[in-house]
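Undergrad: Sequence and computational prediction follow.
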Amino acid sequence: MLKIWGRANSVNVQKVLWCCDELGLSFERIDAGMQFGHVEDADYLALNPNGQIPTLVDGTFSLWESNSILRYLAMQYGASSSLYPSEPKLRASIDRWLDWSLSMLQPAERPVFATLVRTPPENRDMAALAANLQTLTKRWKLLDEHLQGRFHIEGDKFTIADIVLGAFAKRWFSLEGIERPPMPSLQRWYQRLAQRAPFKKHIDRPLT
């Protein structure tokens, strides 16, 4: 059985859990990170020298970096699924969004999330929050424009790009105390994702 190290409230862990359920894979999740510790243990560092989560263990094979884990799961166990199609142009288009999530979206999202969810109100830097929120809003507007006339992120079927960006979209639409400009295409796409059973199981939970 697959083992997934990481706490359930980590967006990067959630992506992996969602993907496993889409593929019908059995797995054991082991709490790790933040209050659960383990990530600095020697045994864990032997699996993931970064001391981060998630880490996937599949028999004698271990893998870190959440988007790489999604690619592996789709290639190893989802050859008959639409999650990671082999057609080069479509796969490259999916890959760019996975890369974009790491290079552009998550760096803009992280400080906003940390301020609004994990920082007491009296300790918040509101000027920094406003600047970070402006950057994050631009990122989501870009995706909203891309989704105009589209049902999914790339192609005509659900893929791991929808999983990765959908997990972050849950945070965007759940953050309290912010104003969100209208993004109708993004909203429609997100509402469709929110109906999927794996989303309801692993993503639709309070932000902590």
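TA: Good, I have the coordinates.
Undergrad: For the helix ranked longest in the chain, name the packing helices and strands.
TA: Ranked by number of residues, the top helix in the chain under DSSP state H is helix 126-146. If contacts are counted by 3 or more CB pairs under 8 Å, 6 or more residues apart in numbering; DSSP states H and E, helix 126-146 sits against helix 106-118, helix 160-174, helix 184-193. C-beta coordinates here come from the backbone N, C-alpha and C atoms, glycine included.
Undergrad: same thing but 6 Å
TA: Under the contact criterion of 3 or more CB pairs under 6 Å, 6 or more residues apart in numbering; DSSP states H and E, helix 126-146 touches helix 106-118, helix 184-193.
Undergrad: Just send those back as CSV, with distance to residue 166 too.
TA: Output for the helices and strands packed on helix 126-146, formatted as CSV (distance: least, CB to CB, whole Å):
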stretch, distance to residue 166
helix 106-118, 13
helix 184-193, 4
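Undergrad: how about the ones you listed, which one is nearest residue 26?
TA: Distance to residue 26, taken as CB to CB, is lowest for helix 184-193 among those, at 23.1 Å.
Undergrad: low-scoring stretches of this structure, by residue?
TA: Along the chain, no part satisfies pLDDT under 70.
Undergrad: got the domain boundaries for it?
TA: Structurally, the chain divides into domains by automatic domain parsing as follows: 2-77, 88-202.
Undergrad: For residue 208, find the nearest of those.
TA: Closest among the domains of the chain, using CB to CB: domain 2-77, at 4.8 Å.
Undergrad: how far away is the residue of the chain most remote from its centre from residue 207?
TA: Distance from the centre of the chain peaks at residue 122, with 29.0 Å (CA atoms, centre = their mean). From residue 122 across to residue 207, the span is 19 Å (CB to CB, to the nearest Å).
Undergrad: Please apply the same query to residue 137.
TA: 18 Å.
Undergrad: and the two? which has more neighbours close in?
TA: Neighbour tally, residue 137 and residue 207, criterion other CB atoms under 10 Å: the higher count belongs to residue 137, 18 against 14.
Undergrad: what about that one, distance to residue 124?
TA: Separation of residue 137 from residue 124 (CB to CB): 18 Å.
Undergrad: residues near residue 9, how many?
TA: When neighbours are defined as other CB under 10 Å, residue 9 has 14 of them.
Undergrad: And the spatially closest residue to it that is not a sequence neighbour, how far from residue 116?
TA: Excluding the flanking residues, the one nearest residue 9 by CB to CB, 6 or more residues apart in numbering is residue 208, at 4.8 Å. To residue 116, residue 208 is 12 Å away according to CB to CB.
Undergrad: between those two, who's got more neighbours?
TA: Each of residue 208 and residue 116 has its neighbours counted (other CB under 10 Å); residue 116 has more, 19 against 9.
Undergrad: correct me, but the more buried one touches residue 175?
TA: Yes: between residue 116 and residue 175 there is a contact under CB atoms under 6 Å: 5.4 Å.
Undergrad: hmm, back to that, checking my notes, the residue farthest from the centre of the chain in a strand, right?
TA: No: looking at residue 122 with DSSP: H, G, I helix; E, B strand; the rest coil, it is helix, so not inside a strand.
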